[in-house]
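A.B. asks: Sequence and predicted structure are below.
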Protein chains: 2
Amino acid sequence: MTKVSGEVRAKEEATSVNRREQILEAAVVVFAEHGYFKATTAQVAEKVGISQPYIFKLFKNKEELFVAALDRAFERTIRTFTDVEASGDTLLEESIRVYEQMMETHPSEIILQVQALGIRDEAIRSSMQAGMNRVTQLMENKFTAAGIANPEVEVSTFMANGMLCHIAMALEMPELKPKHLK
Amino acid sequence: MTKVSGEVRAKEEATSVNRREQILEAAVVVFAEHGYFKATTAQVAEKVGISQPYIFKLFKNKEELFVAALDRAFERTIRTFTDVEASGDTLLEESIRVYEQMMETHPSEIILQVQALGIRDEAIRSSMQAGMNRVTQLMENKFTAAGIANPEVEVSTFMANGMLCHIAMALEMPELKPKHLK
DNA sequence: TTAAGTAGTGACTGATCAATCACTGTGGAA
DNA sequence: TTCCACAGTGATTGATCAGTCACTACTTAA
């Protein structure tokens, strides 16, 4: 009856911590695909292979589930940029490289961030603000440490192009992607 | 009973064309404030001072209403930039100026565009794609006509900063606004 | 005066879903 | 052997809303 269409991966010990992780992984994908309001907790549950009510044993409500998924996306973003080791004259291009890599390996998490831009919900907006702040701060620290001139301006431009890139992806408009100078 | 809180303006002749306009004006604000899915057609109706069912006499459904509101936002954007007359060395700053002006005078239309970025709905996405394309094309034409070097790159940067600015507004993060070089 | 178009409404419904509740099954520890 | 914590589910519901329907009231033109 139920399609069991896109269920996920192999057996791990069924602790609630694992379940939480599995649910989050599924939630990122489902939310990215359908959007926060159209996505249902039943779709997430089906993807994990559990019942819909069980989600509410591990997350207070749908909003909290989304926020957790969004935080996850930002955590990866932060980790990705943190891991870049490069000197002043390669830091920017290296950062762009790992970012583009992340777009390919984890597109749903990018989409999720774009979704969150438009959602008028206090908890979600707070999480989004925190995420954007963390990324900006991190890059400013890295740019500064690498001795790049005008780090504020450079980071701002980096963020602007990054967001345009996100948008190009969400809208499926590759022609919108930033035209890297040179 | 009903609050009649934010009803709108004075009597015009009650033709359906006027009503359409009034509904769109209200819709832009209501959608911007609550988001596409949380906003209700009843809220839009209340703001106009008509009954909820009447909206469906003038718009096929909620989606069509949103698309019409979004198109309206893009029309103003296009008009705003079209009206800029400036030479090669002032075109960019002048464009930024009118854009910032529009952010102050019509914030809801900016917010609406940000909302639309994340909505997974074919009609809305198409409208969004068309809008972004029109703006990009227009600016490329203007930059080229003004004899600006590397118009593609310049427009891309302009769009990137513009979108970051939109985002800063939607997230209420003024500190995120582009740091204009110089 | 009537007929027809236009502007508009009150009352309702069908569908959807987040969230709750009351429950089952199971593996260990005491 | 019992008891209890943990993992999990089926059934249901309460609220919300887009959209429909059957209707009223006004105006104009023949």
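C.D. replies: The structure has been received and is ready for your questions. Numbers count the residues shown, from 1 in each chain, chains lettered A, B, ... in the order given.
A.B. asks: Tell me which stretches of chain A form helices.
C.D. replies: Remark: helices assigned in chain A by DSSP state H are A:16-34, A:41-48, A:55-58, A:62-82, A:91-105, A:107-118, A:122-145, A:151-170.
A.B. asks: possible to save these as CSV with distance to DNA strand C and mean neighbour count?
C.D. replies: All C-beta atoms are positioned from the backbone trio N, CA, C, and that covers glycine. Output for the helices of chain A, formatted as CSV (distance: least, CB to the nearest atom of the strand, whole Å; neighbours: other CB atoms under 10 Å in any protein chain shown):
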stretch, distance to DNA strand C, mean neighbour count
helix A:16-34, 9, 19
helix A:41-48, 4, 20
helix A:55-58, 4, 16
helix A:62-82, 4, 19
helix A:91-105, 27, 15
helix A:107-118, 14, 22
helix A:122-145, 11, 17
helix A:151-170, 21, 21
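A.B. asks: So which of those helices is nearest residue B:61?
C.D. replies: helix A:16-34 (18.6 Å; CB to CB).
A.B. asks: sorry, back to before: could you export the helices of chain A to a markdown table, including columns for distance to chain B?
C.D. replies: Converted to a markdown table, the helices of chain A look like this (distance: least, CB to the nearest CB, whole Å):
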| stretch | distance to chain B |
| --- | --- |
| helix A:16-34 | 6 |
| helix A:41-48 | 13 |
| helix A:55-58 | 20 |
| helix A:62-82 | 12 |
| helix A:91-105 | 13 |
| helix A:107-118 | 4 |
| helix A:122-145 | 6 |
| helix A:151-170 | 4 |
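A.B. asks: could you dump these to TSV with mean pLDDT?
C.D. replies: As requested, the helices of chain A are exported to TSV (pLDDT from 0 to 100):
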stretch	mean pLDDT
helix A:16-34	95
helix A:41-48	98
helix A:55-58	98
helix A:62-82	98
helix A:91-105	98
helix A:107-118	98
helix A:122-145	98
helix A:151-170	98
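A.B. asks: Let me see the contact set for the nearest residue to residue A:109 once chain neighbours are set aside.
C.D. replies: Counting by CB to CB, 6 or more residues apart in numbering or on different chains, residue A:109 lies nearest to residue A:73, which is 3.6 Å off, once chain neighbours are set aside. Contacts for residue A:73 were tallied using CB atoms under 8 Å, 6 or more residues apart in numbering or on different chains; they are A:28, A:106, A:109, A:110, A:112, A:113, A:131.
A.B. asks: returning to that earlier point: redo the helices of chain A as JSON lines? Include distance to DNA strand D.
C.D. replies: Listed next are the helices of chain A as JSON lines, based on distance: least, CB to the nearest atom of the strand, whole Å:
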{"stretch": "helix A:16-34", "distance to DNA strand D": "4"}
{"stretch": "helix A:41-48", "distance to DNA strand D": "7"}
{"stretch": "helix A:55-58", "distance to DNA strand D": "6"}
{"stretch": "helix A:62-82", "distance to DNA strand D": "12"}
{"stretch": "helix A:91-105", "distance to DNA strand D": "28"}
{"stretch": "helix A:107-118", "distance to DNA strand D": "16"}
{"stretch": "helix A:122-145", "distance to DNA strand D": "17"}
{"stretch": "helix A:151-170", "distance to DNA strand D": "23"}
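A.B. asks: From residue B:129, how far off is the residue nearest to residue A:109?
C.D. replies: Distance, residue A:73 to residue B:129, using CB to CB, to the nearest Å: 24 Å.
A.B. asks: just residue A:84 next, same as before
C.D. replies: Residue A:84 sits 32 Å away from residue B:129, going by CB to CB.
A.B. asks: How about residue A:137?
C.D. replies: Counting by CB to CB, the gap from residue A:137 to residue B:129 is 33 Å.
A.B. asks: residues contacting residue A:123?
C.D. replies: A:63, A:64, A:67.
A.B. asks: coming back round to it: out of the contacts of residue A:73, who's nearest residue B:98?
C.D. replies: The closest of the contacts of residue A:73, once distances to residue B:98 are taken by CB to CB, is residue A:113, at 29.1 Å.
A.B. asks: what's the closest non-adjacent residue to the closest one?
C.D. replies: Nearest non-adjacent residue to residue A:113 (CB to CB, 6+ apart): residue A:73, at 5.7 Å.
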